[in-house]
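Undergrad: 3D model of this:
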Amino acid sequence: MPKAVFIDHQGGEYEVDVPVGQSLMEAATDNMIDGIIGECGGVCSCATCHVYVDQAWLNKLPAADDIEESMIDVAREPEDNSRLSCQIEMTEELDGIIVRMPVSQF
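TA: The predicted structure is shown next:
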């Protein structure tokens, strides 16, 4: 099963198994990883699952659509590598993906 690595703002690393087809937001909330809230349940309407995707993985993801882009604009401290983890669906090719969480989602 593919794995994802979540790194909190203090450097703590959490490696979790993520079934193919599951979003990183669902994997984080299922594994009780602090820092990913997913308040809207994964429908791209709250930005409380904001993450910074490690540069090595960015080109392996499909581009963010207009809705995700508009939600990232309201996320706290967005950067060029910001994505919503509810919009990142795990694939075999993403095995080992690394995402960092912001200090706060609000």
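Undergrad: this protein: helices as residue ranges?
TA: Counting by DSSP state H, the chain forms helices over residues 24-30, 55-58, 66-74, given from the N-terminal end onward.
Undergrad: would you tell me which one of those helices is buried the most?
TA: Between the helices of the chain, the one whose residues have the most neighbours on average, counting mean count of other C-beta atoms under 10 Å, is helix 24-30 (a mean of 22). C-beta: built from backbone N, CA, C; applies to glycine.
Undergrad: list the contacts of the most centrally placed residue in the chain.
TA: In the chain, the C-alpha closest to the average C-alpha coordinate belongs to Ser85, at a distance of 2.6 Å (C-alpha atoms, centre = their mean). Counting by C-beta atoms under 8 Å, 6 or more residues apart in numbering, Ser85 touches Ser23, Leu24, Met25, Ala28, Ile36, Gly38, Cys49, His50, Val51, Val99.
Undergrad: try it again with 10 Å
TA: Taking C-beta atoms under 10 Å, 6 or more residues apart in numbering as the criterion, Ser85 is in contact with 4, 6, 23-29, 33, 36, 38, 42, 48-51, 53, 99, 101.
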